[in-house]
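Engineer: Turn this into a model:
(4 chains)
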Number of protein chains: 2
Amino acid sequence: MLEFAILGLLQESPMHGYELRKELTAKLGAIRAAISYGSLYPTLRRLQAAGWITEAAETPATAEEVPALTSRRGRVVYKITADGKERFAQLIAQAGPETYDDTGFGVHFAFFARTDQATRLRILEGRRRKIEERREGLRDVLGRAAERLDAYTLELQRHGLDACEREVRWLEELIANERSGRAPTVPNIGTAGGRREDNSPPPPGETRNERP
Amino acid sequence: MLEFAILGLLQESPMHGYELRKELTAKLGAIRAAISYGSLYPTLRRLQAAGWITEAAETPATAEEVPALTSRRGRVVYKITADGKERFAQLIAQAGPETYDDTGFGVHFAFFARTDQATRLRILEGRRRKIEERREGLRDVLGRAAERLDAYTLELQRHGLDACEREVRWLEELIANERSGRAPTVPNIGTAGGRREDNSPPPPGETRNERP
DNA sequence: GTGCGATGTATCGGTCCGATACATCGCGGC
DNA sequence: GCCGCGATGTATCGGACCGATACATCGCAC
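Structural biologist: Next up, the predicted model:
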């Protein structure tokens, strides 16, 4: 998951660890709290060893006069390689059952702008099925095993069930939108393209109807 | 977390691993998918080593005639010890910041019937604060950094924000209920008590008002 | 001038997951 | 009569990720 997210983010622009964590936190804020350095740095080294990313020389940027006086310690900037982009595409194409759990889905969804429409649809439907299963499980427990459980546990299940129903509806909307959508998307620029292109994804569910 | 859940469950009755997993799944179905054996069994051995639980001889139960013919392999039944109950109480009392993340909160909430009212309130309020912080973070991103993010990422944040607001309202209700509540609760039976007592917890939020 | 919060890199132990292996039991189909 | 198959049941291994911790630098306010 982290591997996927890093490769996805580095495609937008090169970054160093700290920055990466902040961007990750911003992009995945709805999904998980904050990436731990204890997983970030080891993963970066793993990706580098695999050749998906490389260290880029810290650019002096504009003509800022901050050169060799302080010898420039720290600040390792990473950029994605061609192999890395390929790897990212491969990870998207693989999108299997493990993609449908809470974290996996969230991370993939966050990079839907770089995902082709067919895969988006596949992921959304896989996720929906998974949530529907969870929903059925909760309904079962609330129905059949209700008297075995205390009021607090039941309340927890109810709240969970509510969240499931809500998410299914949300996914339903996204799927409908995706199907009907002309869906331009995927500003994918060939493997050797320039950096910092502007992303122009399709508009997801903008419908605000009160009664379904 | 797993340690806490196991100690909590074994207080209801002795169980073997498989059963424990099923009960755990039923009780925590709203929180997490299913406990992996890869964590369950090692944890059981850890708890046993610490003296919180012991292996109980597989009871032949009633006068069922299934005795020593097949030598009875497998089926290791665990029961909680007095130390284990003490440990569980201690874990409840400690309930700190780590108790407020998604999983931690869910697991603690599932055992609120064995938690005193003051601690319940503390946990609910801690959780609320945490969710409020997450909510503010999401609002910030949706406000300030909106144009930097693609439509899918924004939609993810919106959905997350919605879930946060909903959970805060839910917690609000629970807290109000808890404060006003006569709150009998805690069928805690002294350390050497009998098994299989009936749990009679207080009624959590039963209010179903359409407009807040 | 000095402390302090933000920036920044890095490691370590521990928890938990997913895949996998393997053994037994009861039941229905052939 | 027996054979497979799904449920029951215990167990391990490698890997992902977290939380705590350590440490170094920079800019700014007091």
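
Engineer: For the rest of this, base every contact and every neighbour count on C-alpha atoms.
Structural biologist: OK.

Engineer: A:Arg32 in helix, strand or coil?
Structural biologist: Secondary structure for A:Arg32, judged by DSSP: H, G, I helix; E, B strand; the rest coil, is coil.

Engineer: and it, what does it touch?
Structural biologist: Residues touching A:Arg32, when contacts are defined by Cα atoms under 8 Å, 6 or more residues apart in numbering or on different chains, comprise A:Thr25, A:Thr103.

Engineer: what mean pLDDT does the helix ranked longest in chain A have?
Structural biologist: Identified as the longest helix of chain A according to DSSP state H is helix A:151-180. Confidence over helix A:151-180, taken as the mean pLDDT, stands at 95.

Engineer: Over to stretch A:81-100?
Structural biologist: What stretch A:81-100 shows for mean pLDDT is 91.

Engineer: again, but for stretch A:8-20
Structural biologist: Across stretch A:8-20, the per-residue pLDDT values average to 94.

Engineer: Report whether it contacts DNA strand C.
Structural biologist: Yes - counting by Cα under 7 Å from any atom of the strand, contacts between stretch A:8-20 and DNA strand C involve A:His16, A:Gly17, A:Tyr18, A:Glu19.

Engineer: Neighbour count, secondary structure and distance to A:Arg87 added to the residues you listed, as CSV?
Structural biologist: Converted to CSV, the residues of stretch A:8-20 next to DNA strand C look like this (neighbours: other Cα atoms under 10 Å in any protein chain shown; DSSP: H, G, I helix; E, B strand; the rest coil; distance: Cα to Cα, whole Å):
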residue, neighbour count, secondary structure, distance to A:Arg87
A:His16, 18, strand, 20
A:Gly17, 17, helix, 20
A:Tyr18, 15, helix, 23
A:Glu19, 13, helix, 22
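
Engineer: now, which of these sits nearest chain B?
Structural biologist: Comparing those against chain B with Cα to the nearest Cα places A:Glu19 closest, at 14.9 Å.

Engineer: In JSON lines, list the residues of stretch A:8-20 next to DNA strand C along with distance to DNA strand D.
Structural biologist: Putting those into JSON lines (distance: Cα to the nearest atom of the strand, whole Å) gives the following:
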{"residue": "A:His16", "distance to DNA strand D": "14"}
{"residue": "A:Gly17", "distance to DNA strand D": "12"}
{"residue": "A:Tyr18", "distance to DNA strand D": "11"}
{"residue": "A:Glu19", "distance to DNA strand D": "14"}
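
Engineer: got TSV for these, with distance to B:Glu3 too?
Structural biologist: Below are those laid out as TSV (distance: Cα to Cα, whole Å):
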residue	distance to B:Glu3
A:His16	37
A:Gly17	34
A:Tyr18	34
A:Glu19	36
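
Engineer: the strands in chain A, which residues?
Structural biologist: A:15-16, A:53-56, A:77-80 (DSSP state E).

Engineer: Kindly report the residues of chain A close to DNA strand C.
Structural biologist: Chain A comes close to DNA strand C at residues A:16-19, A:37-39, A:41-42, A:74-77, A:98, as judged by Cα under 7 Å from any atom of the strand.

Engineer: on that earlier part again, go through the strands of chain A and name the closest to B:Asp150.
Structural biologist: Using Cα to Cα as the measure, strand A:15-16 is the one of the strands of chain A that comes nearest B:Asp150, at 18.8 Å.

Engineer: Please work out how many residues are found near A:Val107.
Structural biologist: Other residues near A:Val107 come to 24 when the count uses other Cα atoms under 10 Å in any protein chain shown.

Engineer: Just the buried positions in the longest helix of chain A, please.
Structural biologist: Buried residues in helix A:151-180, defined by neighbour count with 16 or more other Cα atoms under 10 Å in any protein chain shown: A:151-158, A:160-161, A:163-164, A:167-168, A:171-175, A:177-178.

Engineer: if we can go back for a sec, out of the residues of chain A next to DNA strand C, which comes closest to B:Ala145?
Structural biologist: Proximity of the residues of chain A next to DNA strand C to B:Ala145 (Cα to Cα) peaks at A:Glu19, which lies at 15.1 Å.

Engineer: on that earlier part again, ok, which pair from the residues of chain A next to DNA strand C is furthest apart?
Structural biologist: A:Gly74 and A:Glu98 (36.1 Å).
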